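In: just need the structure, nothing else, for what follows:
(2 chains)
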Amino acid sequence: MKNFDLDIEEGEFLAVLGHNGSGKSTLARLMNGLLLPDKGTVEVFGTALTEKNLYDVRRNVGVVFQNPDNQTVSMLVEDDVAFGAENVGLTREEIGERIAFALSAVGMEEYRHATVARLSGGQKQRIAIAGVLALKPRVLVLDESTAMLDPRGRREIMDVVLRLNREEHITVVLITHFMEEALLSSRAVVMNRGEIVMQGAPSDIFERHEELLTYNLTLPRIGEICKKLQAGGMNVPDTLDVEILAEAIAASLRSS
Amino acid sequence: MTITAEHLSYVYHPGSPFAAKALDDVSLTIEEGEFFGIIGHTGSGKSTFVKHLNGLIRLPSSQKHYKKPKAKKGMPSPVVPSLKVGEYDLSSRKTDFYGLRKKVGMVFQYPEAQLFAETVFEDVAFGLKNFERDMKEKETEAAVKAAIEVVGLDYAAVKDVSPFDLSGGQKRRVAIAGVIVTKPEILVLDEPAAGLDPLGKKEIMALLHRLHGDWCKTVVIVSHDMDEIAENCTRAAVFSEGKIVYALPPKELFLKADELFALGLDIPLTAKLRLALLKRGIETDCDFTVDSFVDAVLKKRGGAS
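Out: Next up, the predicted model:
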């Protein structure tokens, strides 16, 4: 990272894009003090992050990582979700409530007494999110949390994250390779070599096709199809929506 | 080498409360020269099937204390599972599994996690040295060099580097080089592009096409990504609950959108667009690759004017 400036508003859904090695994960680790910057400051809700207030900041900023198997600590779902809450010294009753809240937020209430090892990847990842939610954080950072999941697991996680953002007003920072996921965000930033090189609404970013390519990123596949149709002389807009594209193709065919 | 599986079944933890039927009477033939896709969501049996192909999971009849089930009077004779990979009969106890594994290369999910040696050269050479114990050093070196180059790495630049100092995509290439260095006829890869960024994915798929044909006659990939299947495979099998539901070329398979949705699977983007156009009364005839879809749409316009 060098000379990196970024403000994230409370309640925002921010997507961070970038190829491998662009500094995305470093950003995630800076946000809750897993790494401290060599120069400059990270402010979370107005407080500058220092070694002294790390633990308070982490209550507010929860990070979910890539590999579900590396993020579970207990045999039972209930114990696993309670782990963080136990460590900040909540009372027994309160922990019980927090577990119930967190599991229902990720739609896993029925699995409270299940064995973690017998869950699917998507379910384990939802448990990892629940473990973070049990601390009632105001910011949720997902560092490629869907990369190892199958499409169904990926959808499960995205549904949960969207709901948390909309209903619980939790700020979400979504670090991802999947262009389709970035489309759900309200703002996207593209990182390259530790710097922000593009930012804006996701649809605006995907319109700047050539530029994305220079940062080793590709368009979502639908964007690629739009470009190819345009190259073939068909009058279709840059869109990321199947129905809009189909309508445009239909209109263009009718007029010819 | 043709792969012929007949009536394969497999149960994990048989006889325990956790018994789970992973394969249920699966029959499938994969011809030599195919670029074959295996689809299905987690737990559908695809990995279990693939593990049979080089004997990581053995058929009951190839194991020591196997007793042939006896036919009972008046009952249909018991189904005997069989699996043949080229000249290797995997249902026999006498199969040369060592030879088989030389011919069937297996690349697991996240193969970079299996890198272990101090240098890229040693890592790639490891399998080869174990398979070909009396190979001369010069020959080993030539084979390793060829493998590293075919996966798109600069031999001179990486051979003495620790594999752990490479980027994610490069590590995966090294791991693949370590499997293909023995020149397997069949290369099986479990989710070869998972976890890579979009460009890394494209590069890995391009690499597999480069290998397919000259280097490995047959390529089998397990994938969750329907677009990847549509774009790359000659044929794909859909697994669900331990059974094969379809084994078809993408061109036919992705016409079955409703059936695939019902199985909890997705369809490629081109197939979604085709459906959206169909709703508007426009038929597109394509094999579901992006290029053929674009061609089909553009041709429509040509025909009308």
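In: the helix or strand containing B:Phe261 vs chain A: in contact?
Out: Assigned by DSSP states H and E, B:Phe261 belongs to helix B:257-262. No - using C-beta under 8 Å from any C-beta of the partner chain, no contact is recorded between helix B:257-262 and chain A, whose separation bottoms out at 11.6 Å. Using the backbone N, CA and C atoms, a C-beta is placed for each residue, glycine as well.
In: in stretch A:37-47, what's buried?
Out: Of all the residues in stretch A:37-47, those buried under the rule 16 or more other C-beta atoms under 10 Å in any protein chain shown are A:Val42, A:Val44.
In: that one spans what distance, first to last residue?
Out: The straight-line separation of the ends of stretch A:37-47 (C-alpha to C-alpha, to the nearest Å) is 15 Å.
In: wait, A:Thr72 touches A:Ala128, no?
Out: Yes - the pair formed by A:Thr72 and A:Ala128 meets the contact definition of C-beta atoms under 8 Å, at 6.9 Å.
In: now the strands for chain A?
Out: Here chain A has its strands, by DSSP state E, at A:13-17, A:43-44, A:47-48, A:61-64, A:139-143, A:171-175, A:187-192, A:195-200.
In: as TSV, those with distance to chain B and mean pLDDT would be great.
Out: Listed next are these as TSV, based on distance: least, C-beta to the nearest C-beta, whole Å; pLDDT from 0 to 100:
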stretch	distance to chain B	mean pLDDT
strand A:13-17	9	95
strand A:43-44	28	92
strand A:47-48	32	90
strand A:61-64	16	92
strand A:139-143	12	94
strand A:171-175	12	95
strand A:187-192	12	93
strand A:195-200	15	93
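In: could you check the pLDDT of whatever residue of the stretch 101-250 of chain A ends up closest to chain B?
Out: Residue nearest to chain B within the stretch 101-250 of chain A (C-beta to the nearest C-beta): A:Ala246, separated by 3.4 Å. Per-residue confidence (pLDDT) for A:Ala246: 94.
In: which residues touch it?
Out: Contact analysis of A:Ala246 by C-beta atoms under 8 Å, 6 or more residues apart in numbering or on different chains lists B:Leu273, B:Ala276, B:Leu277, B:Lys279, B:Arg280.
In: still on that earlier bit, any idea how far the helix holding B:Phe261 is from the chain center?
Out: 23 Å (C-alpha atoms, centre = their mean, to the nearest Å).
In: cool, and stretch B:121-128?
Out: Centre-to-centre, stretch B:121-128 and its host chain are 22 Å apart (C-alpha atoms, centre = their mean).
In: how about that stretch as PDB, C-alpha atoms only?
Out: Coordinates of each C-alpha in stretch B:121-128 appear next as PDB, following Å, rounded to 0.1, in the frame of the first residue of the first chain:
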ATOM      1  CA  PHE B 121      12.600 -28.100  -9.900                       C
ATOM      2  CA  GLU B 122      12.600 -30.600  -7.100                       C
ATOM      3  CA  ASP B 123       8.900 -30.300  -6.600                       C
ATOM      4  CA  VAL B 124       8.100 -30.900 -10.200                       C
ATOM      5  CA  ALA B 125      10.600 -33.800 -10.400                       C
ATOM      6  CA  PHE B 126       9.400 -35.600  -7.300                       C
ATOM      7  CA  GLY B 127       6.600 -37.600  -8.900                       C
ATOM      8  CA  LEU B 128       8.700 -38.400 -12.000                       C
END
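In: residues in contact with that stretch?
Out: So stretch B:121-128 is contacted by B:115-117, B:135, B:140, B:143-144, B:147-148, B:159-160, B:163, B:174-175, B:177-179, B:181-182 (C-beta under 8 Å, 6+ apart).
In: one step back: of all the strands of chain A, which lies closest to B:Lys72?
Out: strand A:61-64 (55.8 Å; C-beta to C-beta).
In: before we move on, back to that, compare A:Thr72 and A:Ala128 (neighbour count), which wins?
Out: Neighbour totals were compared for A:Thr72 and A:Ala128, and A:Ala128 leads with 27 against 20 (other C-beta atoms under 10 Å in any protein chain shown).
In: tell me which residue in the stretch 51-200 of chain B sits closest to chain A.
Out: When scored by C-beta to the nearest C-beta, the stretch 51-200 of chain B has B:Pro198 as its residue closest to chain A, at 4.1 Å.
In: check contacts around that residue.
Out: A:His177, A:Met179, A:Leu217, A:Thr218.
In: let me know the pLDDT of it.
Out: We note a pLDDT of 80 for B:Pro198 in this prediction.
In: tell me which element the nearest residue to B:Gly242 once chain neighbours are set aside is part of?
Out: The spatial neighbour of B:Gly242 that comes closest, neighbours along the chain excluded (C-beta to C-beta, 6 or more residues apart in numbering or on different chains), is B:Asp24 at 3.8 Å. Here B:Asp24, judged by DSSP H and E, is contained in strand B:20-30.
In: I'd like the average pLDDT over that strand.
Out: The average pLDDT within strand B:20-30 is 92.
In: and what of stretch A:96-113?
Out: Throughout stretch A:96-113, pLDDT has a mean value of 91.
In: buried sites along it?
Out: Neighbour-count burial for stretch A:96-113 flags A:Arg98, A:Ile99, A:Ala102, A:Leu103, A:Ala105, A:Val106, A:Met108, A:Tyr111 (criterion: 16+ other C-beta under 10 Å).
In: that one and chain B, any residue contact?
Out: No - using C-beta under 8 Å from any C-beta, stretch A:96-113 stays clear of chain B, coming no nearer than 15.9 Å.
In: that stretch: end-to-end distance?
Out: In terms of C-alpha to C-alpha, the two terminal residues of stretch A:96-113 are separated by 13 Å.
In: try stretch A:14-25
Out: Counting by C-alpha to C-alpha, you get 14 Å between the two ends of stretch A:14-25.
In: for chain A, what is the nearest residue in the stretch 201-305 of chain B?
Out: As assessed by C-beta to the nearest C-beta, chain A sits closest to B:Ala276 within the stretch 201-305 of chain B, at 3.4 Å.
In: my guess is that residue contacts A:Val242, does it?
Out: Yes - between B:Ala276 and A:Val242 there is a contact under C-beta under 8 Å: 5.3 Å.
In: which one's more surrounded, the two?
Out: Shown here are B:Ala276 and A:Val242; by other C-beta under 10 Å, B:Ala276 has more neighbours (19 against 16).
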